[in-house]
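Novice: based on what follows, work out the 3D shape:
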Amino acid sequence: MSHDPERIGEILGKAIAPGTSGEDRVDPRPTYSAGSEATGAQTEAVLRRRACGAAAGRSEGSRPRSPKGTAERTATGPCSGVSVPDEALSGGHPLPPTTDRGVSLQRGGFPEYGGTLAICVHWLAFTVLDGRAAAEVLLQEKFADVGGWSAVQLPHGGYGYRESLIGSFNTRLYYGADRPEAFVIMTGAVCDQLPAGVISQFLHAAANGRMRLRRIDIAFDGLVDLDGKAISPRALFERVRVDRSILRTWANRDSICYHETLEAGGGETIDIGARSSERYVRIYNRRGLTRLELELKGQRAEMLPKKWANAPVFFGAFAVGMLRDFLDFVESSKRPNTAPLQPWWAAMVERFERIPMRIKPGEITVDGRWEWLKRQTSASLLMIIRASGGESEKIIERLIEEGNLRFSGRHEAFLAAVPKDWKPT
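Specialist: Numbers count the residues shown, from 1 in each chain. Below you'll find the predicted structure:
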């Protein structure tokens, strides 16, 4: 394939549906300190606040106040049955379009579960172990109902792969002659344009072993209080900061953070969990509605398709159950594990049972260990190699020596269960 700019432009043009953005999602988390003062230039450009670890009792420092009306925005969406005030649409804070596709859908996505939230998949990343050709066949098959899938070659690779394609709906496919597998990313902008049925087909393909899910984001739109007003992430964080017991979660308390951006498309955000962990939640109102996103990676993402295939519930109910396994908002109590749900949260999720997504020690897989090794140690290993002047062989040998000293019967038992043909990807 040639690197034809006009052809690439044509593909990208088809990828952008009316009312959606062609930009890949960017991590909204800011990088400035919570104690800085707001200047005129900052207010014009970006004013961001962050208060990490405050729930653990650390001092937040002084924080700049938001312009009147921004932090107190209470826009509501169609899923709450309340009309959106005009002021919620001003200042560059438009609501997602009410369409029949993807996460932008307020009356769709996975509506059959019977709850009040609008639930949709907002990010998919997966590996096709049989390589590029098999990945293209899979994409052409699953996109058949939305016009098919075609692609052009890009002049670069990414994510550790030497080459890449950009295809219909801005789907990216990464591959290389030195890698047996192919890697596909369907960002939020891609998923926004796809009917829920197409997303479901990819999940079924993962359950059947045709692909291996690496990351999935699930969006829950329409977090409202009992009066139908959108939940304010700032107010919610302040309540958690004052009384940590109202948030029942597996996340480390130091990982609960708050930040906000006052610019076109900005808003308030709570992060719950470490971004590098396999389960992570963000709650934000950047697009008018208050949205909660559950991000699953690694083994949690990989186990989702088969677990759903064996669950006698629709995907929406399954998604709420997974979310509740990671967090619940409960009444203040010295025993949060048995405390009743807060009324506003109960109204949305109480009827759905938790679906355990925890990984028992016996369920640790060699693929999971390999993913952990790459994610947690690769950057540090590269730093050490560069610091030594490129003595990679000596460093690897030293690590193996250290590993031999620590190797135990537990590791031997684990190794005996690894498939004989396993290869790192």
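Novice: buried stuff in stretch 252-270?
Specialist: 255-262, 266-270 (16 or more other C-beta atoms under 10 Å). (C-beta placed from N, C-alpha, C; glycine too.)
Novice: could you do stretch 152-159 as well?
Specialist: Result for stretch 152-159 [16+ other C-beta under 10 Å]: buried residues V152, L154.
Novice: quick one: terminal-to-terminal distance for that stretch?
Specialist: The first residue of stretch 152-159 is 18 Å away from its last residue (C-alpha to C-alpha, to the nearest Å).
Novice: what is the mean pLDDT for it?
Specialist: Here stretch 152-159 scores 94 as its mean pLDDT.
Novice: from the buried residues of stretch 252-270, which two are the most distant?
Specialist: Largest separation among the buried residues of stretch 252-270 by C-beta to C-beta: S255 and L262, giving 24.1 Å.
Novice: what sits against the nearest residue to E350 once chain neighbours are set aside?
Specialist: Sequence neighbours aside, L341 is the residue nearest to E350 in space, at 5.7 Å (criterion: C-beta to C-beta, 6 or more residues apart in numbering). If you count contacts by C-beta atoms under 8 Å, 6 or more residues apart in numbering, L341 has them with D328, F329, V330, E331, V349, E350.
Novice: hmm, try it at 7 Å
Specialist: L341 sits next to D328, F329, V330, E350 when contact means C-beta atoms under 7 Å, 6 or more residues apart in numbering.
Novice: pull the helix or strand with minimum mean pLDDT from the protein.
Specialist: Within the chain, no helix or strand scores below helix 40-44, which has a mean of 30 by mean pLDDT, DSSP states H and E.
Novice: quick one: low-confidence parts of the protein?
Specialist: Across the chain, the ranges flagged by pLDDT under 70 are 1-114, 265, 360-364.
Novice: can you pull the buried residues of the longest helix anywhere in it?
Specialist: Looking across the chain with DSSP state H, the single longest helix is helix 366-387. Across helix 366-387, burial judged by 16+ other C-beta under 10 Å covers D367, G368, E371, I385.
Novice: among these, which one lies nearest to D217?
Specialist: Ranked by distance to D217 (C-beta to C-beta), these are led by E371 at 17.5 Å.
Novice: which SS class is the residue most central in space within the chain?
Specialist: Central residue of the chain (C-alpha atoms, centre = their mean): E295, 3.2 Å from the mean position. What DSSP: H, G, I helix; E, B strand; the rest coil gives for E295 is strand.
Novice: so it is in contact with A219, correct?
Specialist: No. The pair formed by E295 and A219 falls short of the contact definition of C-beta atoms under 7 Å, at 10.0 Å.
Novice: can you give me the strands in the stretch 151-300 of the chain?
Specialist: Listed in chain order, the strands of the stretch 151-300 of the chain (DSSP state E, counting those that start in this stretch) span 151-153, 163-167, 172-176, 179-186, 212-221, 247-249, 257-261, 267-272, 279-284, 291-297.
Novice: columns distance to A144 on top of those strands, output as CSV?
Specialist: Shown next, in CSV, are the strands of the stretch 151-300 of the chain (distance: least, C-beta to C-beta, whole Å):
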stretch, distance to A144
strand 151-153, 15
strand 163-167, 14
strand 172-176, 17
strand 179-186, 16
strand 212-221, 21
strand 247-249, 40
strand 257-261, 39
strand 267-272, 37
strand 279-284, 33
strand 291-297, 27
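Novice: show me what A125 is bridged to.
Specialist: I185, R215 (DSSP bridges).
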